[in-house]
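Asks: sequence and predicted structure below; questions after.
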Amino acid sequence: MSAPDGGPLAERLAAVDSGIADAARAAGRDPAELTRIVVTKFHPAALVRELAALGVHELGENRHQEAQAKAAETADLDIRWHFVGQLQSNKARAVRRYAHAIHSLDRTSLVDALRDAEAPAIEGFLEIDLSGEPGRGGVAPDAAPALAERVLATEGLRLVGVMGVAPLGAEPRPAFARLRAVSERIRELAPDADRISAGMSGDFREAILEGATHLRIGTAITGKRPDRG
Ligand SMILES: *Cc1c(COP(=O)(O)O)cnc(C)c1O
C-alpha cells in the first residue's frame, strides 16, 4: 500500500496528470478545462480510499454490482461516481442511487428506464459507437440526434455530452474526430451538452487533441487490474 504522500500510486497519478497537461498545451487548450476520471474497476475499495487521500474525487466503474458495493463501502468519502460500462435497463434505477453521471446511454429503453420525476437529475452522456461493428455498444452516429431528443424529454436526466471508446486495433485519432463531429450535431440540439468523454490510458493524448473534456483513465494510474478470479 502506498502512503498518501508518495509511493507508486501517487507517482503514476502525477505522471498521468503531467501527460494530460502536456497534451492539453500541445492542443492549445487549458489543462484546467479537463476532468480526469480514475476508473477503479476490479480494484478494492481500499484503492478508492488511497485515491481520495490523494485528492481524487471523480471515479469510474463499469459494472453495477461492483460499483454499488464500492460506493457503499466508501460512502463516507467525497466521491462522484461515473458509470462508464454497458448498463442493463433493469439495473438503471439502482445505478441512479449512487452515480453522479452515466456515460453509456445508448438506447431508448435505457433512457426510459432512467426517467424519474422526483429524484435530482443525473448527468447523462450518449455513448456513440465509433467502431461500426454491431454489439460493441453505443448508438450509431446517425441515430444519436434522435436519442439526444429522447434524453432531453426525460425527467431526471440531464444531457451533458457524448462518450466514445476508440476501436481496438485502429488509429484512435480518426475515431475521436468522428466523436467530435457527433458532438457538434448534438450541440445544435442542446448547446449545453458540450462535454466529450473520451480517452483512456493508451489514447488520452489523441482524445485531448480531438476535444475530449472528460478522460477515463484506469490502468495507467491504478496499475494492472487484479485478476477477476
Ligand atoms: C476500463 C475502462 C476505462 C479505463 O481503461 P484503461 O485502459 O485501464 O485506462 C475507460 N473507459 C471504459 C468504458 C472502461 O471500461
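Replies: Arrived safely.

Asks: following the helix or strand that residue 11 is a member of, which helix or strand comes up?
Replies: Per DSSP states H and E, residue 11 falls inside helix 7-26. If you walk from helix 7-26 toward the C-terminus, the next helix or strand you reach (DSSP H and E) is strand 35-39.

Asks: what lines up beside that following strand in the sheet?
Replies: strand 58-61 (parallel), strand 214-217 (parallel) (DSSP bridges).

Asks: distance between the first one and the chain's centre?
Replies: Put plainly, it is strand 58-61. Averaging C-alpha positions (C-alpha atoms, centre = their mean, to the nearest Å) puts strand 58-61 7 Å from its chain's average.

Asks: about what we covered before: please point out which parts of the helix holding residue 11 sit buried.
Replies: Across helix 7-26, burial judged by 16 or more other C-beta atoms under 10 Å covers 9-10, 12-13, 16, 19-21, 23-24. No exception for glycine: its C-beta is placed from N, CA and C like everyone else's.

Asks: and the strands paired with strand 35-39: which comes nearest the ligand?
Replies: Between the ligand and these, the tightest spacing by C-beta to the nearest ligand atom is seen for strand 214-217, at 3.6 Å.

Asks: now that closest one, how far from the centre of its chain.
Replies: 6 Å.

Asks: alpha carbons of the helix or strand following that strand, as CSV, please.
Replies: On the C-terminal side of strand 214-217, the closest following helix or strand by DSSP H and E is helix 219-222. C-alpha atoms of helix 219-222 as CSV (Å, rounded to 0.1, in the frame of the first residue of the first chain):
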residue,chain,number,x,y,z
THR,A,219,-4.5,1.1,-15.5
ALA,A,220,-2.1,4.0,-16.2
ILE,A,221,-3.0,5.2,-12.7
THR,A,222,-4.2,2.2,-10.8
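
Asks: out of the strands paired with strand 35-39, which is the most enclosed?
Replies: Greatest average neighbour count among the strands paired with strand 35-39 goes to strand 214-217 (a mean of 24), per mean count of other C-beta atoms under 10 Å.

Asks: so which residues make contact with that strand?
Replies: For strand 214-217, the external contacting residues (C-beta atoms under 8 Å, 6 or more residues apart in numbering) are 16, 20, 34-39, 60, 82, 84, 103, 125, 161, 163, 195-201, 204, 207-208.

Asks: same thing but at 7 Å, please
Replies: 16, 20, 34-39, 60, 84, 195-197, 199-201, 204, 207 (C-beta atoms under 7 Å, 6 or more residues apart in numbering).

Asks: same check on stretch 171-183?
Replies: Here stretch 171-183 makes contact (C-beta under 7 Å, 6+ apart) with 128, 130, 141, 144, 161-162, 164, 166-167, 196, 198, 203, 206-207, 209-212.

Asks: okay, buried residues for it please.
Replies: Residues of stretch 171-183 classed as buried by neighbour count (16+ other C-beta under 10 Å): 172, 175-176, 178-180, 182-183.

Asks: residue ranges for the strands of the protein, please.
Replies: For the chain, the strands defined by DSSP state E occupy 35-39, 58-61, 80-83, 99-105, 122-128, 157-164, 195-197, 214-217.

Asks: measure residue 150 to residue 190 for me?
Replies: Shown here: residue 150 relative to residue 190, a distance of 12 Å by C-beta to C-beta, to the nearest Å.

Asks: let me fix that, I meant to ask about residue 65.
Replies: Separation of residue 65 from residue 190 (C-beta to C-beta): 32 Å.
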